[in-house]
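> Here's my sequence, what's the structure:
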Amino acid sequence: MINNEALPSDLIIEPLKLKHLSMLRAENNSKYLGIFQILLCKKWFSSLESSFTNLIPTRNSTCLVAVERDNIIAYILATPVNRRGTCWSISEPIFIGESISFSRYNLLESLLRKVLYESNINTKSFLISINTNDNQNLSVIRQSGFQPLRIIKYWKRKEGIKFRQKEYKDNFIWEKLNEENSQQIWRLEQARESINFRSIFDRQWHDIYEKRNTLTGVIKSKENSIIAGLIPSVCPQYNFTLELIRGLAWDERLNNYIPQTINNIKAGKKNCYIETTSEDNKLNEFLNKSNWEIIEERVLLGRSVWKRNNGYKLKSIETELLTNIVGNLQQQPELPSTIQIGKNK
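Numbering: from 1, shown residues only. As a prediction, this is how the structure comes out:
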């Protein structure tokens, strides 16, 4: 995708404004009027934050609207996913109407271009999630520089099955997220993720703690060790979406406590969804046996923004990290290295 490519003449993509509310009223589209009013309030907060970027990290969403001949066709949201604002998630386009001249493929392409190259979002990385069967949109997203990071399975408890809350045995407890166990579960999460994923998402323990809710928590032993937990989703697609994570090695004690934990969660909240990665066969097997079913599979994609170096050269976050590591090794006189890093030309 070319960043300076012009938009089609009949298509305008711009930040959400008051005039868009008038357009919805003219179309008698009350369904999205309330949504736009909330988003507009968030936009004003974001504008206020942007004037204090060195003091207050931006935490509110940015909304871009696609307008064709004074009709709102679609909108897209970009939302910071960590407290420092170094990574933002981009939603799928929400289509309000049908375009006269442009396909949804073209609209997604134009909306993504606007978010990535022409918005005022000051960030290093982006995330986006798309259904694994949506080949057309996946193609657009890949062309925009996004790379697949993981496949996520979304689980929901099967309907019509009776269950009741159970008490935990004395040797394990369910503990809601606090500052101490958020740091512990964060370290467990970091151990299982690739360097590439960690550099893009850039989540710290306080990001987990600040996004806690009534359903998040950890399973702890009497020895104060955490063996699993339910934490806020990286890129949630539903309300009350929790990510079920565990340590790298399978702990046999989880055989009893994972079904017990998720069933207790379901008993406390009707519309609750659990995320797992497609690679975690153990967790997926237990969810299936515990009468949970997969309702969707999505691929999570990430994009690291290339940064200008001295105003001329471009280098990626990964390249910079590798260069720093090698440079630190070369600075040790007692460990001479034959690796010589020449200057980029």
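> ok now stretch 85-93, how far from the chain's centre?
Averaged C-alpha coordinates place stretch 85-93 at 7 Å from its chain's average position (C-alpha atoms, centre = their mean, to the nearest Å).
> Quote the end-to-end distance of it.
21 Å (C-alpha to C-alpha, to the nearest Å).
> from here on, count from 16
Noted, 16 is the first residue going forward, which turns the last one into stretch 100-108.
> Give the rounded mean pLDDT of that stretch.
The average pLDDT within stretch 100-108 is 92.
> Can you list the low-confidence ranges for the stretch 166-315 of the chain?
The stretch 166-315 of the chain contains residues with pLDDT under 70 at 175-185, 281-285.
> In it, what residue spans correspond to helices?
Here the stretch 166-315 of the chain has its helices, by DSSP state H, counting those that start in this stretch, at 194-207, 210-216, 220-225, 269-283, 296-304.
> what packs against the third one?
Same thing as helix 220-225. Secondary-structure packing of helix 220-225 (3 or more C-beta pairs under 8 Å, 6 or more residues apart in numbering; DSSP states H and E): helix 194-207. C-beta here means a position set from N, CA and C on the backbone, and glycine is covered the same way.
> Show me what the helix it packs on is packed up against.
helix 220-225, strand 232-236, strand 241-247, strand 256-261.
> From one end of stretch 37-53 to the other, what's the distance?
From its first residue to its last, stretch 37-53 covers 15 Å (C-alpha to C-alpha).
> before we move on, what about stretch 225-236?
This stretch, stretch 225-236, spans 24 Å end to end (C-alpha to C-alpha).
> Give me the distance from that stretch to the chain's centre.
Its chain's C-alpha centre and that of stretch 225-236 lie 18 Å apart, by C-alpha atoms, centre = their mean.
> next one: stretch 139-153
That offset, for stretch 139-153, works out to 11 Å (C-alpha atoms, centre = their mean).
> gap between the two ends of it?
Taking C-alpha to C-alpha as the criterion, the two ends of stretch 139-153 lie 21 Å apart.
> Could you do stretch 263-273 as well?
Span of stretch 263-273 from end to end, C-alpha to C-alpha: 15 Å.
> Okay, buried residues for that stretch please.
If you call a residue buried by 16 or more other C-beta atoms under 10 Å, then stretch 263-273 has these buried ones: 266, 269, 272-273.
> now, among those residues, which is nearest to residue 124?
Nearest to residue 124 among the buried residues of stretch 263-273: residue 273, at 41.5 Å, using C-beta to C-beta.
> which residues touch stretch 199-214?
140, 164-165, 192, 216, 218-220, 223, 233, 241, 244, 246, 260-263, 317, 319, 332-333, 336 (C-beta atoms under 8 Å, 6 or more residues apart in numbering).
> swap that for stretch 96-110, sorry
72-74, 81, 88-95, 119, 122-123, 126-127, 130, 136-145, 152, 215-219, 221-222, 225, 249-250.
> Check the offset of it from the chain's centre.
Computed by C-alpha atoms, centre = their mean, the chain-centroid distance of stretch 96-110 equals 7 Å.
> can you check stretch 207-226 too?
10 Å.
> Got a PyMOL select line for the buried ones in the contacts of stretch 199-214?
Typed into PyMOL, the line below selects the buried ones among those, using 16+ other C-beta under 10 Å:
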select buried, resi 140+164+165+192+216+218+220+223+233+241+244+246+260+261+317+319+332
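> My guess is residue 92 contacts residue 77. True?
Yes - between residue 92 and residue 77 there is a contact under C-beta atoms under 8 Å: 7.2 Å.
> So those two - more neighbours on which side?
residue 77 (24 against 19; other C-beta atoms under 10 Å).
> Next, the contact list for the more buried one, please.
30, 58, 61, 92-94, 130, 134-136.
> ok, the residues you listed vs residue 280, which is closest?
residue 94 (24.6 Å).
> Can I take it that that closest one is in a strand?
Yes - assessed by DSSP: H, G, I helix; E, B strand; the rest coil, residue 94 belongs to a strand.
> can you pull the contacts of the nearest residue to it once chain neighbours are set aside?
Using C-beta to C-beta, 6 or more residues apart in numbering and skipping the chain neighbours, the partner closest in space to residue 94 is residue 76 (4.4 Å). Taking C-beta under 8 Å, 6+ apart as the contact definition, residue 76 lies against 54, 57-58, 61, 92-94.
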